[in-house]
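1. Test case, fold it:
(one chain, ligands or ions: 2)
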Amino acid sequence: MGLLKTLGVLTLVGGVLIAVFPPPDVLSGLSSNHDHSPLEVQAIMTGFCLSPVIGMLLDERPEIETTGGEFKFEEDGDIENEDYAQASIYAILYAMYKNTPNLVGAGTSAGVPYQFTFNTWGITPVDGPGQPPRESVYAFPDTDPQRHGKQAYASLVTQPPAMEYKKKLGDTPLEIVEIGCGTGAGANLITREVHPTAKYLALDMQQAAINTCKQNHATEDNPGLTCQLVPNGVGNGGNRAPRADSSVDFVVISETHIADIQIGDLEKEIFSEIRRILKPGGLFLWGNAIPTRVWEQADVELPALGFELVNSYNHTKGAVVARDEDYERVEACMDQLLAPYPVMQVPYFGPRCHKVGERLIANFYRHPGTALYLKMVTGYDSYMHQAWRNNK
Ligand SMILES: C[S@@+](CC[C@H](N)C(=O)[O-])C[C@H]1O[C@@H](n2cnc3c(N)ncnc32)[C@H](O)[C@@H]1O
Ligand SMILES: *[C@@H]1O[C@H](CO)[C@@H](O)[C@H](O)[C@H]1NC(C)=O
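-> Ligands and ions are numbered 1, 2, ... in the order given. Got it, this is the predicted structure:
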């Protein structure tokens, strides 16, 4: 695009943006309950790139604190989750993913077209002492750009207690609810390939993600899947999961930011909702990389609520190897996601903004070098797959 045209677009969208979102609120003023149009996303990106937030993030001004003191945003993308509205970051990220439907793989998936739908870092099988059995990781071909996310979802819902439960149920379809489904990529994989007779309700608090879920995944040829928005999220302000008491076989949570700092009031609300909707003997299948000490807290808190731990796999090492294997694909993906925004070409502001955008996406991806990746390497964070039985 020519410079004049670029400047024209910038002036237009920048003006719209500054009217709608004053710059300091770019990170916290976006709505989860709204699907931003391509023009709005241009405006948001332009305002973001021209706003003082970029300098704050790059210069690590004291307004923005990092999670541990030993990490810096400029080097490893670290931002304390509570310091900015995470939901707003999701709103813009999901809009960007939707605006870039034709990504191309790299590395082992070079040339393979895909849409960014697995907002998942995922796992891969590794051998060695203390590792989960190799067959516990449901493996996909390495030409698949999103195989690590697929492996995480498929393995989570085929843990041994889940397979035993399914066998006992016989021909009766499994009733599954997922909290924090994102675009529903995992839900889609499960209803099409892993548990194809299941009835699956996929819930998220992001309108753009739920729209992608409906358009791409809950299509006529996949009648088992329903995607539904829960405004502001399950558990927030006493929000319920939209299901009757004791009506669900499995509740799935995979890589959502629930319990990433502690098991606090929100988490307890969510867990008691899970317990309410699960049938007696139903399973809460929980997979994520969160601090090791929070898993230890869960070992105390979940039994106190009436859950019993019936399976636990430590996939931390496999999650690190997955990120290493995915390095080239993610590098290419970040460039492809940031390419459509003319503001990235503006001298000075463009390169700085590209750097911040890259660090934000990389951190959400636990990309090698980021704080979240290093935390898995050191064992500060553990990537676990667990099955908790609801003993009513
Ligand atoms: C890292 S993304 C992962 C999405 C999906 N699980 C995946 O792996 O592709 C986390 C998602 O959890 C959602 N989320 C977080 N807390 C939630 C809550 N209390 N209720 C519903 N959704 C929630 C966010 O909106 C976001 O889409
Ligand atoms: C999981 O394994 C890692 C080593 O890969 C270890 O540092 C961590 O403490 C383990 N986590 C739990 C919850 O057992």
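2. contacts and neighbour counts: CA atoms only from here.
-> Noted.
3. Quick one: mean pLDDT over stretch 255-267.
-> Averaged across stretch 255-267, the pLDDT comes to 92.
4. whoops, I mixed them up, stretch 276-286
-> The model assigns stretch 276-286 a mean pLDDT of 98.
5. Same question for stretch 137-157.
-> 97.
6. ditto for stretch 370-378
-> 94.
7. buried set for the longest strand along the chain?
-> In the chain, taking DSSP state E as the definition, the longest strand is strand 278-291. Neighbour counts over strand 278-291 (16 or more other C-alpha atoms under 10 Å) mark 278-291 as buried.
8. Also stretch 256-268?
-> 256, 258-260, 262-263, 266-268.
9. same thing with stretch 34-51?
-> 35-36, 40-51.
10. Around ligand 1, which positions in the stretch 151-300 of the chain sit nearby?
-> 179-182, 203-206, 233-235, 254-258 (C-alpha under 6 Å from any ligand atom).
11. quick one, phi psi at residue 248?
-> phi -130, psi 140 (degrees, to the nearest 10).
12. dump the residue contacts of it.
-> 174-177, 277-279, 282 (C-alpha atoms under 8 Å, 6 or more residues apart in numbering).
13. helices and strands around whatever helix or strand residue 317 lives in, which ones?
-> Using DSSP states H and E, residue 317 maps to helix 316-325. Judged by 3 or more C-alpha pairs under 8 Å, 6 or more residues apart in numbering; DSSP states H and E, helix 316-325 is in contact with helix 371-378, strand 381-390.
14. Now tabulate these in JSON lines and tack on mean neighbour count and distance to residue 365.
-> Output for these, formatted as JSON lines (neighbours: other C-alpha atoms under 10 Å; distance: least, C-alpha to C-alpha, whole Å):
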{"stretch": "helix 371-378", "mean neighbour count": "20", "distance to residue 365": "8"}
{"stretch": "strand 381-390", "mean neighbour count": "24", "distance to residue 365": "14"}
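15. Switch those over to TSV; also include distance to residue 89.
-> What follows is those, written out as TSV (distance: least, C-alpha to C-alpha, whole Å):
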stretch	distance to residue 89
helix 371-378	17
strand 381-390	22
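16. Which of these sits closest to ligand 2?
-> strand 381-390 (4.9 Å; C-alpha to the nearest ligand atom).
17. Tell me if that closest one is near ligand 1.
-> No. Strand 381-390 does not reach ligand 1 (C-alpha under 6 Å from any ligand atom); its nearest approach is 13.1 Å.
18. State the paired neighbours of that strand in the sheet, together with their directions.
-> With DSSP bridges as the test, strand 381-390 is paired with strand 278-291 (antiparallel), strand 307-314 (antiparallel).
19. Tell me which of these approaches residue 348 most closely.
-> strand 278-291 (36.1 Å; C-alpha to C-alpha).
20. and the next helix or strand after that closest one, which residues are buried?
-> Once the chain leaves strand 278-291, the next helix or strand it forms, by DSSP H and E, is helix 292-305. Buried positions in helix 292-305, judged by neighbour count with 16+ other C-alpha under 10 Å: 292, 294-295, 298, 301-302.
21. Provide a complete list of residue ranges assigned to strands in the protein.
-> Going by DSSP E, the chain shows strands at 103-104, 113-114, 175-179, 199-204, 225-229, 248-254, 278-291, 307-314, 381-390.
22. So what touches the third one?
-> Applying C-alpha under 8 Å, 6+ apart, the set of residues contacting strand 175-179 from outside is 187, 198-204, 234, 247-253.
23. No more questions from me, cheers.
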